[in-house]
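Colleague: need a structure here:
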Amino acid sequence: MRQVAQLEQENASLKEDLAFFESIVPGTDASDEGLRISRLRVEPDFEPGKYRYRLLVVVEPGRQAKEFRGMLQFSLKVQQGGKDAMMTIPSEGEGSAGKFRLEIKRFLRTEGVLSIPGGGVIKSVEARLVQDGTVRARQTLNL
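Modeller: Numbering: from 1, shown residues only. Now for the predicted structure:
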């Protein structure tokens, strides 16, 4: 039984690796910018009001974009006290904005924690790559 569980875990890991390599191959769904967000995942953490995120950013080879230097930004639809609200992380002038700065030549897998004040629950997430005030790529996930 233990061996079966170990093989299932290895199989899942190999499938994830395959999906990763398939995602960095140029496809027809890439934006004109040659930059895309792939495999966005957001899951509740053990601590209330905390959510772990993970995503992959790919710079398509042979496209106009040679390197991305900008910021990762999240737009969240949150439910707090029975009411829907919108949040942006990092917010304007937030001191922790530095941890959302990115420099990418080919691809980058990044992860971290989003904190929602007041015990709010995330309903949807839009991850954005922003460069010089322009959104270059985005991906939305409903939870």
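Colleague: can you pull out the strands in the protein?
Modeller: Here the chain has its strands, by DSSP state E, at 35-44, 50-59, 68-80, 83-89, 101-104, 107-115, 121-131, 134-142.
Colleague: among those strands, which is nearest R2?
Modeller: Ranking those by proximity to R2 (Cβ to Cβ) places strand 35-44 first, at 26.3 Å. No exception for glycine: its C-beta is placed from N, CA and C like everyone else's.
Colleague: give me the pLDDT value at F68.
Modeller: For F68, the pLDDT comes out at 84.
Colleague: ok so, going back, mind putting the strands of the chain into a markdown table with mean neighbour count and distance to E16?
Modeller: Output for the strands of the chain, formatted as a markdown table (neighbours: other Cβ atoms under 10 Å; distance: least, Cβ to Cβ, whole Å):
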| stretch | mean neighbour count | distance to E16 |
| --- | --- | --- |
| strand 35-44 | 17 | 9 |
| strand 50-59 | 19 | 11 |
| strand 68-80 | 18 | 21 |
| strand 83-89 | 13 | 26 |
| strand 101-104 | 13 | 20 |
| strand 107-115 | 13 | 11 |
| strand 121-131 | 18 | 19 |
| strand 134-142 | 15 | 17 |
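Colleague: from the middle of its chain, how far away would stretch 37-48 be?
Modeller: 8 Å (Cα atoms, centre = their mean, to the nearest Å).
Colleague: so for it, mean pLDDT?
Modeller: pLDDT averaged over stretch 37-48 gives 90.
Colleague: so V125 touches L72, yeah?
Modeller: No - here V125 does not reach L72: they are 11.7 Å apart, not a contact under Cβ atoms under 8 Å.
Colleague: what's the closest of the strands of the chain to L14?
Modeller: Among those, the nearest to L14 by Cβ to Cβ is strand 35-44 (15.5 Å).
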